[in-house]
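Trainee: Pasting the sequence and the predicted model now:
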Amino acid sequence: MPGSGERLTPLEILARLVAFDTESSRSNLALIDWVCAYLDGWGVPYARVPNAAGDKAAVFATLGPMADGGVVLSGHTDVVPVLGQSWTADPFRLRVAEGRAYGRGAVDMKGFCATALALVPDCLAADLRRPIHILLSYDEETTCLGVMDVVARFGADLPRPGAVIVGEPTDLEVADAHKSIVTLHTTVHGHEAHSAKPQLGANAVMAACDLVSGLNAIADLMIARGDASGRFDPPATTVHVGTIQGGTARNILPKTCAFHWEFRGLPDLDMGEIPRLFQAKADAVTRERLNRYGDFGRIETIEEVAIPGLLPEPGSAAERLALRLASRNRTVSMPYATEAGRFQQAGIPTIVCGPGSIDQAHQADEFITLDALGQGEAFLRRLIADCAS
């Protein structure tokens, strides 16, 4: 067996991964350093892929032959913040009690990452015919862009996989579909004037209200269109305004007003449709309200994040493999977005399937059950056997 690294259980590795505070606003390099040292101990080849700023990195490790057509186990190393949450113990120190392992990222999704890493020596001993790759990424909780530099190298200096399993917590259900997420920030630029003489300026707040009303109309359009697949809850593309801020005083026409908004689209939605509808409304508001009395205002919208949905691909290599490994006879859809759509857009069959429940993620005292951790290990052991046969 190449290498002679330290053999660790999934729970032992999970404790090490949880101990690294890898909130998305922070660097993940200390965790990546540990993972690379662990892989070095077993003689596993890997590519360390930093981001442009150099403060974060992804790792792509290959077990078995350096060949195309293998299976990627994809997990993210970043976690959501703990600020403002009421944890009963240190969120960055794994605590095991009553059949649960508590800690930030325990279920989302360091549990899956830890299990994949723990089975490295088993992969090495199995004489794999098809490679198993472990991809650990960053920034999944914010942009899902942390995999893209790795994906760009598939088929170039990295093997091009034949299937990807994104190990988000699905209770080992096989998810072949999820919605997209696009987040945007709109700023209305008006012109200050005394409220007694509105013809001397442009009211940014009132224009923004027109725009939000327009988003309500778009949301209603999406609800009326519905979900032809019947697989999503809620059964439609959703549109949401999360924050709005503007104005300085009751008797001053507001100079600016800004709001954050998003839409979560069914996977077959043209991700440009809603921005186009909104822009048409913005053009009308600029013409009819902001500039009613002169060339006073403009509306600026910036797309912050655009995460593609995951489209069903019935009978794909990823779906067939995951259904077999998970002993399931049907696929499900998920209400949250993942990195899966990034892989699918690159032409690689992808599904989402991992241990634990999303119901325990993003909250105080996040946990994964030891049973779920064991089920995830059994799932990956079946993958090893499949790739060795």
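Mentor: That came through, no problem. Numbering: from 1, shown residues only.

Trainee: Contact partners for the residue most central in space within the chain?
Mentor: Ranked by distance to the mean C-alpha position of the chain (Cα atoms, centre = their mean), the top residue is Thr338 at 3.5 Å. Thr338 makes contacts with Glu140, Cys144, Val166, Glu168, His178, Leu310, Val352, as judged by Cβ atoms under 8 Å, 6 or more residues apart in numbering. Where C-beta positions appear, they are placed from N, C-alpha and C, glycine not excepted.

Trainee: Surely Arg382 is in a helix?
Mentor: Yes. Looking at Arg382 with DSSP: H, G, I helix; E, B strand; the rest coil, it is inside a helix.

Trainee: What's the local residue count around it?
Mentor: Using other Cβ atoms under 10 Å, Arg382 is surrounded by 15 other residues.

Trainee: Likewise for Cys144?
Mentor: Burial measure for Cys144: 22 neighbouring residues, criterion other Cβ under 10 Å.

Trainee: I'd say it and Ile307 touch.
Mentor: Yes. Using Cβ atoms under 8 Å, Cys144 is in contact with Ile307, at 4.7 Å.

Trainee: Now the common contact residues for these two.
Mentor: If you check Cys144 and Ile307 against Cβ under 8 Å, 6+ apart, the residues they both contact are Ala337, Gly341, Arg342.

Trainee: my guess is the last one meets Gly146, correct?
Mentor: No. Using Cβ under 8 Å, Arg342 is not in contact with Gly146, being 9.3 Å away.

Trainee: how about the helices of this structure, start to end?
Mentor: Taking DSSP state H as the test, the helices found in the chain are 10-18, 29-41, 111-118, 120-125, 148-151, 204-225, 273-285, 317-326, 340-345, 370-388.

Trainee: Minimum distance to Asp157: which of those helices has it?
Mentor: Of all those, it is helix 148-151 that lies closest to Asp157, at 10.7 Å by Cβ to Cβ.

Trainee: State the pLDDT value of the residue lying closest to Val59 once chain neighbours are set aside.
Mentor: On the basis of Cβ to Cβ, 6 or more residues apart in numbering, the spatially nearest residue to Val59 that is not a chain neighbour turns out to be Leu136, at 4.8 Å. Turning to Leu136, the model gives it a pLDDT of 98.

Trainee: check contacts around Leu136.
Mentor: Residues in contact with Leu136 (Cβ under 8 Å, 6+ apart) are Ile32, Val35, Ala58, Val59, Gly75, His76, Thr77, Cys113.

Trainee: at 6 Å what do you get?
Mentor: Each residue near Leu136 by Cβ atoms under 6 Å, 6 or more residues apart in numbering is listed here: Val59, Gly75, Thr77, Cys113.

Trainee: leaving aside the residues next to it on the chain, what's closest to Glu140?
Mentor: Using Cβ to Cβ, 6+ apart, the closest residue to Glu140 is His76 (3.4 Å).

Trainee: what does Ile244 give?
Mentor: With sequence-adjacent residues excluded and distances taken as Cβ to Cβ, 6+ apart, Ile244 is closest to Phe259, at 4.0 Å.

Trainee: Same question for Leu325.
Mentor: Counting by Cβ to Cβ, 6+ apart, Arg382 is the residue found nearest to Leu325 once chain neighbours are left out, at 4.7 Å.

Trainee: so what's the one you found scoring on pLDDT?
Mentor: On the pLDDT scale, Arg382 is placed at 98.

Trainee: try Pro2
Mentor: According to the prediction, Pro2 has pLDDT 54.

Trainee: Also the one 4 residues further on?
Mentor: As summarised for this prediction, Glu6 has a pLDDT of 87.

Trainee: returning to that earlier point: just send the contacts of Thr338 back as TSV, with pLDDT and distance to Val150 too.
Mentor: Supplementary listing: the contacts of Thr338 in TSV, determined by pLDDT from 0 to 100; distance: Cβ to Cβ, whole Å:
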residue	pLDDT	distance to Val150
Glu140	97	13
Cys144	95	13
Val166	98	13
Glu168	98	17
His178	97	21
Leu310	98	18
Val352	98	18
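
Trainee: Out of those residues, list just those in strands.
Mentor: With strands taken from DSSP state E, the overlap with the contacts of Thr338 comprises Val166, His178, Val352.

Trainee: and the last one, how many neighbours does it have?
Mentor: Under the neighbour criterion other Cβ under 10 Å, Val352 is assigned a count of 31.

Trainee: So what sits opposite the nearest residue to it once chain neighbours are set aside in the bridge?
Mentor: Take Val352 and drop its neighbours on the chain: the residue closest to it by Cβ to Cβ, 6+ apart is Ala175, 4.0 Å away. Counting by DSSP bridges, Ala175 is bridged to Val332, Val352.

Trainee: Ala175 contacts Met334, correct?
Mentor: Yes. With contact defined as Cβ atoms under 6 Å, Ala175 counts as touching Met334 (4.5 Å).
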